[in-house]
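# Let me see the structure of the following:
(2 chains)
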2 protein chains.
Amino acid sequence: MNEPIGVFDSGVGGLTVAREIMRQLPEESMIYFGDTARVPYGSKSKDTIIRYSRQIVNFLLSKGVKAVVVACNTASALALTELQREYIVPIIGMVQPGAVAAMKATKNKNIGIIGTNATIKSGQYGTYLRKMDPKVTVVTKACPLFVPLVEEGLIDDRITEDMVSRYLREFRQYDIDSLILGCTHYPLLINPIQRFMGDGVTLVNPAFEVAKCLKQLLKEDGMQAEKGHVARYEYYVSDLADQFLTFADRVLPCRVDSVQTVEIEKY
Amino acid sequence: MNEPIGVFDSGVGGLTVAREIMRQLPEESMIYFGDTARVPYGSKSKDTIIRYSRQIVNFLLSKGVKAVVVACNTASALALTELQREYIVPIIGMVQPGAVAAMKATKNKNIGIIGTNATIKSGQYGTYLRKMDPKVTVVTKACPLFVPLVEEGLIDDRITEDMVSRYLREFRQYDIDSLILGCTHYPLLINPIQRFMGDGVTLVNPAFEVAKCLKQLLKEDGMQAEKGHVARYEYYVSDLADQFLTFADRVLPCRVDSVQTVEIEKY
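Numbers count the residues shown, from 1 in each chain, chains lettered A, B, ... in the order given. Below you'll find the model as predicted:
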């Protein structure tokens, strides 16, 4: 089963998930799609996010993928159930694996979640966490400026430190011991977030757990690539702005040679 | 000619232009379209912006508008020439009126321009300014974080002051005496920008000049609404997120009662 895995995100953030899949499943080929024309999803409504995600899954299927990873927390939170109902191909999202990872990490059952407006409003992380353990305490906060700050390259910067302290201040009142980075851009802010929260708080990056889930799924279904298979990666975007390559170069372990543009509304 | 004026923007920012048209042309009806599903345009490529703008003009024409205002600097800079070539209906953009206003304001012919990445990269403001006076000195700076800061409501805030001083610092080296606010969100940052630049610099809001241009165009072509005509305003968006109404309430002189969603890709 050497067909590729389809991975998509609203833009470039999902490359942090692609990176994790490359590391943990080095023999699997991948088709990455970034919806750079319609990014961001985090401020959009559920209907729009479902419609956009459906078009992307159709595109990925036209490329012959054997499984799909929704490498975007917002699309996972708002569209995954719909997609799983509509398609036969296995589809994995960020939220459930992220919640599992947070449950493993927490000792006192007080878990914090940060993400986009849409992800936080959906309450999906909380739903999964409470399903695993109804006694868990969940504290959430939307951090809409984090993505633009990362995309402006202000990672270790006093403005970012300032926004981190404003957004995360509330968590200090609750004795949380693990914090889910519920947006694919946030792992890039791991340093300022860890500095503010202190070493007592574990930062949970769902990407790591998503790659693990994918590995297990492929194994269970006998869908893994053959041993020694040389993985190929293809990158597609809905708008070819310069930013994609710049970001890819910062995030991925391998060079992206070419990126192709897709008219995604046609799918 | 009581048909409405069509006004569009990538999102909510164009409401600052709609406001100016309401003030200066109180008898004209208006159809406003905000492309909230695909906002922002400022980081997108020319091809995508032209494609999106074309769909919106088609939608506005289906509503029977007699003229179109591209109330978005990025779409004006990248798509206006194309749109004017393709359609018979009169279409006005932000850039030329903005450049005219800046030329009126400047005494020393040193003009600054701020805007999105795409607007600044297009060089359109500079082209128009130099066409009017080849001796003008033009200094430009893209300020991609201004829009997210405004949308997060951080108007009079130390983080915004900090970003203003970083982005605009360069202008201090040049003796500019007028600064074009080349993005429809920026007039909302007029206070921190004026504080940083000092009273010697005139901030130019193209919206005011655009409404003036529109008035003149309607008069010349005999397309004005009849005297005493009661204007009606309709609002359409491509994604119905809560933000539109919140922003409209902050910006417009009248209450927005209803907003309708349009599947803009179908136009």
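# So which residues on the stretch 1-150 of chain A come close to chain B?
A:36-39, A:43-45, A:47-48, A:144-145, A:148-149 (Cβ under 8 Å from any Cβ of the partner chain). Any C-beta I mention is one placed from the backbone N, CA and C, and that applies to glycine too.
# Can you name the residue of chain A nearest chain B?
Residue of chain A nearest chain B, by Cβ to the nearest Cβ: A:P148 (4.0 Å).
# Need the pLDDT of that residue.
In this model, A:P148 is scored at 93, pLDDT.
# secondary structure element for it?
helix A:146-151 (DSSP states H and E).
# Following element in sequence after that helix, please.
helix A:158-168.
# For the helix or strand following that following helix, give me every contacting residue.
As assigned by DSSP H and E, the chain's next helix or strand after helix A:158-168 is strand A:178-181. Residues outside strand A:178-181 that contact it (Cβ atoms under 8 Å, 6 or more residues apart in numbering or on different chains) are A:98-99, A:101-102, A:105-106, A:111-115, A:125, A:171, A:187, A:189-190, A:193, A:197, A:201-206.
# mind listing what's buried in strand A:178-181?
A:S178, A:L179, A:I180, A:L181 (16 or more other Cβ atoms under 10 Å in any protein chain shown).
# want to try JSON lines for the residues you listed, with pLDDT as columns?
Output for these, formatted as JSON lines (pLDDT from 0 to 100):
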{"residue": "A:S178", "pLDDT": "97"}
{"residue": "A:L179", "pLDDT": "98"}
{"residue": "A:I180", "pLDDT": "98"}
{"residue": "A:L181", "pLDDT": "97"}
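# For stretch A:110-121, what does the pLDDT average out to?
96.
# Between the two ends of that stretch, how far is it?
Start and end residues of stretch A:110-121 are separated by 19 Å (Cα to Cα, to the nearest Å).
# What residues sit buried inside that stretch?
Taking 16+ other Cβ under 10 Å as the criterion, stretch A:110-121 shows A:N110, A:I111, A:G112, A:I113, A:I114, A:G115, A:T116, A:N117, A:A118, A:T119, A:I120, A:K121 as buried.
# Can you tell me which of those end up in strands?
If you go by DSSP state E, the buried residues of stretch A:110-121 have A:N110, A:I111, A:G112, A:I113, A:I114, A:G115 in strands.
# Contacts for stretch A:246-258, please.
Residues contacting stretch A:246-258 (Cβ under 8 Å, 6+ apart): A:12, A:15-16, A:18-19, A:22-23, A:151, A:188, A:233, A:235, A:245, A:259.
# For the residues you listed, give me TSV that also has pLDDT, secondary structure and neighbour count.
Below are the contacts of stretch A:246-258 laid out as TSV (pLDDT from 0 to 100; DSSP: H, G, I helix; E, B strand; the rest coil; neighbours: other Cβ atoms under 10 Å in any protein chain shown):
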residue	pLDDT	secondary structure	neighbour count
A:V12	91	coil	26
A:L15	95	helix	27
A:T16	93	helix	24
A:A18	97	helix	27
A:R19	95	helix	18
A:M22	96	helix	18
A:R23	96	helix	12
A:E151	86	helix	22
A:L188	92	helix	22
A:Y233	96	strand	18
A:Y235	96	strand	21
A:L245	88	helix	18
A:V259	93	strand	16
